[in-house]
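Asks: quick one: sequence plus predicted model below, questions after.
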Amino acid sequence: MSKTNPTRTIAAARGEIVHPDGVINLNAGSCSPVPQPVLNAQLAHLTMQSRDPVEYIWTASIPHIENGRRALASFLGTDSDNLLLCTNASWAVNTVLQTFAWKSGDELLITDQEYHHYRPLFALLTKKFQVAVKTVALPLATESDTWDSTAVCALFRQALTSNTRMLFFSHITSPTGSRLPAAELCALAREREVLSFVDGAHGPGHIPVDLDQMRPHFYTANVHKWLMNPAGCAFLYADPEVRFAFSPLMCMSGYDAVARRENRVTAAGCTAWQYAHEYQGTRNLTPLTVLADTVAFFTSIGVGEVVSAWQENTRHLRSLLRTTGLPIVTADAAAKGADPQTCLTACQLPLPRIDPNKARSWFRREHGIELAFPVLADGRVLLRVSSAWFNTKEQLERLVPLLNGCDWGRFV
Ligand SMILES: Cc1ncc(COP(=O)(O)O)c(C=O)c1O
């Protein structure tokens, strides 16, 4: 992440996060609330867009979007020419994986903790392109006392074959919040002359991310998770060497620029490559036009300050969770050899087959607490708690009596 010069204290910034009455968001891992200054900016843009849509969508929005692209690129330690701006990480992952020139028999290496909504996509790659999808099983913290870069890299190294074409892995996994050694895995991919694709949905705004140092071939992340932008803003980074190795998901004006490998700047303010992917017809552009406001808000708090605040919260949360007797499956930074932890902490629930929707709904409707209940590929249900910088210790403490007295059978 870029250097920051904090001008807002954590306490002041917390005061600018407006929560709905009586609701505690312990699920920033799915979506964070939008800070009030960014929401104010979005409302101003929405007004311009709604009152004067033709002028706004095709002309007035352009400098705001390009400003946002530059601000985000600098925040991520890369050049703005390498970034496509898009609606969400799901679009980015589908764009690359569905349009890449796969050869029959190519192997795609993933982990067993990839985002569950991608499971049909992996199956489609096999059906459509005869890609063999191979899975690396990541140990849970309760099953292994080491979670370090070397151990995780060794699992990938063992699974690589001469047919491996791409490594696809989460920077921080969705079900357990485990942090993978992204730079080391990208280096492994380059050493073995295969491509790396990092699903960084939970990276930027949560942990430091420097793309030019990490050197992935592809990296996508949402700006609407940890960076707290309004929903509908994400990016896809592509290393210049693979910029033309995939095509736009939608065929619209400018589509041929990819086949022609064009890099010129267009009248839309972006390059022909960016335009070919980004022009998707008429849509709400305000999540993109406030991107620079979002990055400015975040950098005014300071990346280091944000990380220290969630680390303090996470230490507190983990000590609270230990008193509930639910086994914590996310590696602890304090454990020997563990990579720095994240502010997503997962516990394994005592009943294997509870309905995650019933559980989420009970905590939210009866107690005003927003939580995530991810399901592992083998069907085990977890409770995932986010202890983001904007949460307070008191909010985390509200959860514990509910967990202690919980009749999990009610969610079967
Ligand atoms: C690891 C991971 N990847 C991708 C996504 C998809 O994000 P979006 O719905 O914004 O596309 C998520 C969402 O939670 C995620 O956790």
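Replies: Right, received. Where do you want to start? Residues are numbered from 1 along each chain as shown.
Asks: ranges for the helices of the stretch 201-350 of the chain?
Replies: In the stretch 201-350 of the chain, the segments counted as helices under DSSP state H, counting those that start in this stretch are 211-214, 256-259, 272-278, 286-289, 291-301, 303-322.
Asks: minimum distance to the ligand: which of these has it?
Replies: helix 286-289 (11.0 Å; Cβ to the nearest ligand atom). Bear in mind the C-beta positions are built from the backbone N, C-alpha and C, glycine included.
Asks: tabulate the helices of the stretch 201-350 of the chain (CSV), appending distance to the ligand.
Replies: Compiled in CSV, those are given as follows (distance: least, Cβ to the nearest ligand atom, whole Å):
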stretch, distance to the ligand
helix 211-214, 16
helix 256-259, 22
helix 272-278, 16
helix 286-289, 11
helix 291-301, 15
helix 303-322, 17
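Asks: got JSON lines for the ones you listed, with mean pLDDT too?
Replies: Output for the helices of the stretch 201-350 of the chain, formatted as JSON lines (pLDDT from 0 to 100):
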{"stretch": "helix 211-214", "mean pLDDT": "98"}
{"stretch": "helix 256-259", "mean pLDDT": "94"}
{"stretch": "helix 272-278", "mean pLDDT": "97"}
{"stretch": "helix 286-289", "mean pLDDT": "98"}
{"stretch": "helix 291-301", "mean pLDDT": "97"}
{"stretch": "helix 303-322", "mean pLDDT": "94"}
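Asks: nearest to F100, of those helices?
Replies: Proximity to F100 (Cβ to Cβ) singles out helix 256-259 among the helices of the stretch 201-350 of the chain, at 12.3 Å.
Asks: list the helices and strands the closest one packs on?
Replies: Judged by 3 or more Cβ pairs under 8 Å, 6 or more residues apart in numbering; DSSP states H and E, the packing partners of helix 256-259 are helix 272-278.
Asks: so how far is the helix it packs on off the chain centroid?
Replies: Taking Cα atoms, centre = their mean, to the nearest Å, one finds helix 272-278 lying 22 Å from the centre of the chain it belongs to.
Asks: who touches that helix?
Replies: 81, 83-86, 95, 236, 243-244, 248-249, 252-258, 262-266, 268, 270 (Cβ atoms under 8 Å, 6 or more residues apart in numbering).
Asks: which among the residues you listed end up buried?
Replies: If you count burial by 16 or more other Cβ atoms under 10 Å, the buried members of the contacts of helix 272-278 come out as 81, 83-86, 95, 236, 243-244, 248, 254, 257-258, 262, 266, 268, 270.
Asks: what are the ranges of the strands in this protein?
Replies: Assigned strands in the chain, in chain order: 24-25, 83-86, 107-111, 132-136, 164-170, 195-199, 218-222, 234-238, 344-348, 369-370, 382-386 (criterion: DSSP state E).
Asks: redo the ones you listed as JSON lines? Include mean pLDDT and distance to the ligand.
Replies: Listed next are the strands of the chain as JSON lines, based on pLDDT from 0 to 100; distance: least, Cβ to the nearest ligand atom, whole Å:
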{"stretch": "strand 24-25", "mean pLDDT": "96", "distance to the ligand": "14"}
{"stretch": "strand 83-86", "mean pLDDT": "98", "distance to the ligand": "9"}
{"stretch": "strand 107-111", "mean pLDDT": "98", "distance to the ligand": "11"}
{"stretch": "strand 132-136", "mean pLDDT": "98", "distance to the ligand": "15"}
{"stretch": "strand 164-170", "mean pLDDT": "98", "distance to the ligand": "5"}
{"stretch": "strand 195-199", "mean pLDDT": "98", "distance to the ligand": "5"}
{"stretch": "strand 218-222", "mean pLDDT": "98", "distance to the ligand": "5"}
{"stretch": "strand 234-238", "mean pLDDT": "98", "distance to the ligand": "6"}
{"stretch": "strand 344-348", "mean pLDDT": "95", "distance to the ligand": "9"}
{"stretch": "strand 369-370", "mean pLDDT": "98", "distance to the ligand": "14"}
{"stretch": "strand 382-386", "mean pLDDT": "97", "distance to the ligand": "10"}
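Asks: so which of the ones you listed gets nearest A101?
Replies: Between these, strand 164-170 lies closest to A101; by Cβ to Cβ that is 9.8 Å.
Asks: the closest one - contacts with which helices or strands?
Replies: Using 3+ Cβ pairs under 8 Å, 6+ apart, strand 164-170 sits against strand 107-111, helix 182-191, strand 195-199.
Asks: and that strand with strand 132-136, angle?
Replies: 50 degrees (axes from the mean of the first three to the mean of the last three Cα atoms, to 10 degrees).
Asks: so what strands line up beside strand 164-170?
Replies: strand 107-111 (parallel), strand 195-199 (parallel) (DSSP bridges).
Asks: which of these sits most buried?
Replies: Of all the strands paired with strand 164-170, strand 195-199 carries the top mean neighbour count, a mean of 25, counting by mean count of other Cβ atoms under 10 Å.
Asks: tell me which of the strands paired with strand 164-170 sits nearest to T220.
Replies: The closest of the strands paired with strand 164-170 to T220 is strand 195-199. By Cβ to Cβ, the value is 6.2 Å.
Asks: quick revisit: can you check which of the strands of the chain gets nearest to S149?
Replies: Short answer: strand 164-170, nearest of the strands of the chain by Cβ to Cβ, at 12.8 Å.
Asks: angle of that closest one against strand 218-222?
Replies: 20 degrees.
Asks: how about N67: what's its closest non-neighbour residue?
Replies: Excluding its sequence neighbours, the residue lying closest to N67 (Cβ to Cβ, 6 or more residues apart in numbering) is A292, at 4.5 Å.
Asks: wait, isn't that neighbour in contact with S74?
Replies: No: taking contacts as Cβ atoms under 8 Å, A292 lies outside contact range of S74: 10.4 Å.
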